[in-house]
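In: Based on what follows, work out the 3D shape:
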Amino acid sequence: MFWEDKTLYDRIIDRLTQQAQKYIKWRTAQDKIIEIFRSDMGIESSLDGDFFGADIYESTPAYALEIMSTAFRGSTVSEALDWIRYGMGAFELRGIDKLDQWCQDIRDHMTAVYRRSNFYDVLPQFTKDAFSIGSPVMFGGENIVTRRIMWMPTYYKHTFLFYDKYNESEGVIVNDTEWTAKQVFDTFINKEGQAGKDAREKKLSVSLNNSLEQGQFNDKATIIRAVFKANDPIWNNKNFKKPAGRYKWISVFFELGTEEKNKNTPLNEDMGFFTQPYVYWNYDKKSQDSSARTPAFYAVFDAMSGQDVYKDFLENMKNQNRPAVMALNEMKGRLDMGPEGLIWVDKEEYMSPPKTLDLIGQVNFTKELADLLGETCKRHFHVNEFQAMNNLARTNKQPVSALQILKMDAENSILLSPAIESQRSVLRMIDERMMGIEIEAGNGPFAPEVRENITDIILENIKDRRIATVAVIPEFISQLGRAQKIAQALEPITMGIDIAADMAAKLDLDLVMAVKGYKALDKAYTAMGFPMDCLATEEEYMAAKEFVNKQRAADKQAMQAVEMMKASKNIQGPVDPNSVLAGAGKAMAGAVI
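Out: So this is what the prediction gives:
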């Protein structure tokens, strides 16, 4: 059958089948990653209900992943952090008071929106998936009842991303086998009485209708969700009516095995989106790959080697404590080699007791080897960098200085740049989706009357540009990213001061006076974001410095006078009124007064 003659459902199944073939080798790799690093995925993800991690003999890989995902998230995005702000995309619009205030209002509003949503609840698992399995996906939408924006992560084996020539996602298909009959009814029918019965009989399969009629609400159904850009050729079907409006994305749901009469009629009615309804996190994805590589992908070889060594070591210990035994065939089923074991034998068997088999070789397992195995795995997750402050404080037996913390954070930001940049990409998608929902709802600073007023202000300041080209953009001000910028700004200041001090010690002590101390401090504080209203002005500083210098001079003069008075005790005869000693006495009297 030609593509143009196929139903929308059949087109989706074709795209899914083709993409699933490309994902086969990645699924094998992801399963190995889960086996070693993700025992937390647990029973629900296992077909036979077994707990994951049966082949894990040492948990450093899982520990290293947990440290990186937790520390990285805590250093970049957290409900307790001030991690996002907004600014006008056009440079010439920055500095306009009313627009700056509007951006601040957006920041306050969106901070509350993030906290009211479940974003911070799903972020830990989403981050861990990004650093281990690779390319996690989650959908964002508004719960109409609670008015909360809810993010729903997908299971990696159900999810298939599609990419364009620029290595950016142009669509996704989720083949979710975990829907229950009740979830299907609540999501796509949600009507009571005869209306609900008529709707479900029209939309749902016979098996799902039977499950609902018999009260088997937990019966499973496979629901396929397809999301593609509105201009994707998959929607160009003469029997499928695209949603009216200037939507950028279209999303449809179908039940697997949909009847022929419904293959052009999705389960959902609201199909259009102005913003991308899903987000994905690619840590390190090559254009020819189906999924992203992660720190766990690069660590898996060291992790597998470590597991093999630990396995051999543990088996060696077992062989030493419970060695293999060779016994007569006649004694089969009567051996009791445990503590206080008793074996009844006849005289002939007594003369040939069971014998333990000696080991030919042993594993020489030392603490140094254990540490080495742990470090080879942890290096891929930058565990030492995340724990640098604790390690340094423990080594020096004193707290770490602010400058040391700043330098370590800056170094971490360089080492973690792939993670930081990839996270910024997904955060932009998340923020665009959440802000899009708020704009459509007209909430807070996005109310129509507010936006009209803002539009007038923009048009007054940009007369030669279309309003469509002006945007509010998010700026992510995480601890690591901010530390990198601060370190870059402070580096010439701190290095310059160190060089001046070093040259002064070696050449000329007065060289330190070549550095304008107040201006250097002012620039350093500005780079750090220090509250400048807490810093004295240069005039105040110079006045205070002059006062202190005068006080120091007076104190010094007084001390000299005291020494001179002590010396006068050894002088016989009257003091010449024009002598230095007489002058010291007068200075002493003045200092006392």
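
In: Centre of the chain to stretch 13-28, how far?
Out: Taking Cα atoms, centre = their mean, to the nearest Å, one finds stretch 13-28 lying 28 Å from the centre of the chain it belongs to.

In: Using CSV, write down the CA coordinates of it.
Out: What follows is stretch 13-28, C-alpha atoms only, in CSV (Å, rounded to 0.1, in the frame of the first residue of the first chain):
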residue,chain,number,x,y,z
ILE,A,13,3.0,1.9,13.3
ASP,A,14,5.3,2.1,10.2
ARG,A,15,7.4,4.9,11.8
LEU,A,16,7.5,3.0,15.1
THR,A,17,8.6,-0.3,13.5
GLN,A,18,11.4,1.4,11.5
GLN,A,19,12.8,3.3,14.5
ALA,A,20,12.5,0.3,16.8
GLN,A,21,15.0,-1.5,14.5
LYS,A,22,17.5,1.3,15.0
TYR,A,23,17.1,1.1,18.8
ILE,A,24,17.8,-2.7,19.1
LYS,A,25,21.6,-2.4,19.8
TRP,A,26,21.0,0.5,22.2
ARG,A,27,18.5,-1.5,24.2
THR,A,28,21.2,-4.2,24.8
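
In: number of nearby residues for residue 494?
Out: Using other Cβ atoms under 10 Å, residue 494 has 15 neighbouring residues. Every C-beta, even on glycine, is put in place using the N, C-alpha and C of the backbone.

In: What's the mean pLDDT across whichever strand or helix holds it?
Out: Secondary structure assigned from DSSP states H and E places residue 494 in helix 479-506. Helix 479-506 carries an average pLDDT of 75.

In: Quick check: next helix or strand after that helix?
Out: Counting by DSSP H and E, the next helix or strand C-terminal to helix 479-506 is helix 517-528.

In: And the next helix or strand past that next one?
Out: Next along the chain after helix 517-528, taking DSSP H and E as the criterion, comes helix 538-568.

In: now the angle between helix 517-528 and that following helix, please.
Out: Relative orientation of helix 538-568 and helix 517-528, computed by axes from the mean of the first three to the mean of the last three Cα atoms, to 10 degrees: 140 degrees.

In: What's the mean pLDDT across helix 538-568?
Out: On average, the pLDDT along helix 538-568 is 80.

In: for stretch 453-461, same thing?
Out: Throughout stretch 453-461, pLDDT has a mean value of 87.

In: Dump the C-alpha coordinates for it into CSV.
Out: Output of stretch 453-461 as CSV, limited to C-alpha atoms (Å, rounded to 0.1, in the frame of the first residue of the first chain):
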residue,chain,number,x,y,z
ASN,A,453,1.0,47.1,27.9
ILE,A,454,4.4,45.4,27.5
THR,A,455,3.9,45.3,23.7
ASP,A,456,3.4,49.1,23.6
ILE,A,457,6.6,49.7,25.6
ILE,A,458,8.5,47.4,23.3
LEU,A,459,7.2,49.1,20.2
GLU,A,460,8.1,52.5,21.6
ASN,A,461,11.8,51.3,21.8
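
In: Buried residues, it. List them.
Out: For stretch 453-461, burial by neighbour count (16 or more other Cβ atoms under 10 Å) applies to 454, 458.

In: packing partners for the helix or strand that residue 460 is a member of?
Out: In the assignment (DSSP H and E), residue 460 maps to helix 448-461. On a contact count with 3 or more Cβ pairs under 8 Å, 6 or more residues apart in numbering; DSSP states H and E, helix 448-461 meets helix 97-116.

In: coming back round to it: what's the distance between the helix holding residue 460 and the middle of its chain?
Out: With Cα atoms, centre = their mean as the basis, helix 448-461 stands 35 Å off its chain's centre.

In: Same check on stretch 310-321?
Out: Centre-to-centre, stretch 310-321 and its host chain are 39 Å apart (Cα atoms, centre = their mean).

In: Then stretch 99-119?
Out: With Cα atoms, centre = their mean as the basis, stretch 99-119 stands 20 Å off its chain's centre.

In: next one: phi and psi at residue 171?
Out: phi 170, psi 170 (degrees, to the nearest 10).

In: Can you give me the pLDDT of it?
Out: So residue 171 comes in at 96 (pLDDT).

In: Is the nearest residue to it once chain neighbours are set aside bridged to anything, and to what?
Out: Nearest residue to residue 171, sequence neighbours excluded (Cβ to Cβ, 6 or more residues apart in numbering): residue 228, at 3.6 Å. Taking DSSP bridges as the rule, residue 228 bridges to residue 171, residue 250.

In: these two touch, right, residue 228 and residue 162?
Out: Yes: between residue 228 and residue 162 there is a contact under Cβ atoms under 8 Å: 7.4 Å.

In: Find the residues that touch each one of these two.
Out: The contact sets of residue 228 and residue 162 overlap at 170-171 (Cβ atoms under 8 Å, 6 or more residues apart in numbering).

In: still on that earlier bit, contact partners for the residue nearest to residue 171?
Out: So residue 228 contacts 162, 170-171, 234-235, 249-250 (Cβ under 8 Å, 6+ apart).

In: Residue 434 too?
Out: Going by Cβ under 8 Å, 6+ apart, residue 434 touches 110, 113-114, 117, 119, 140, 149.

In: if you set the cut-off to 6 Å instead, what comes out?
Out: Taking Cβ atoms under 6 Å, 6 or more residues apart in numbering as the criterion, residue 434 is in contact with residue 149.

In: would you list every one of the helices in the stretch 1-150 of the chain?
Out: With DSSP state H, counting those that start in this stretch as the criterion, the stretch 1-150 of the chain has helices at 8-37, 60-76, 97-116, 119-131.

In: need those in JSON lines with mean neighbour count and mean pLDDT, can you?
Out: As requested, the helices of the stretch 1-150 of the chain are exported to JSON lines (neighbours: other Cβ atoms under 10 Å; pLDDT from 0 to 100):
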{"stretch": "helix 8-37", "mean neighbour count": "17", "mean pLDDT": "92"}
{"stretch": "helix 60-76", "mean neighbour count": "21", "mean pLDDT": "89"}
{"stretch": "helix 97-116", "mean neighbour count": "16", "mean pLDDT": "93"}
{"stretch": "helix 119-131", "mean neighbour count": "20", "mean pLDDT": "96"}
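
In: What average pLDDT does the next helix or strand after the helix holding residue 460 get?
Out: From helix 448-461 onward toward the C-terminus, using DSSP H and E, the following helix or strand is strand 472-476. The average pLDDT within strand 472-476 is 90.
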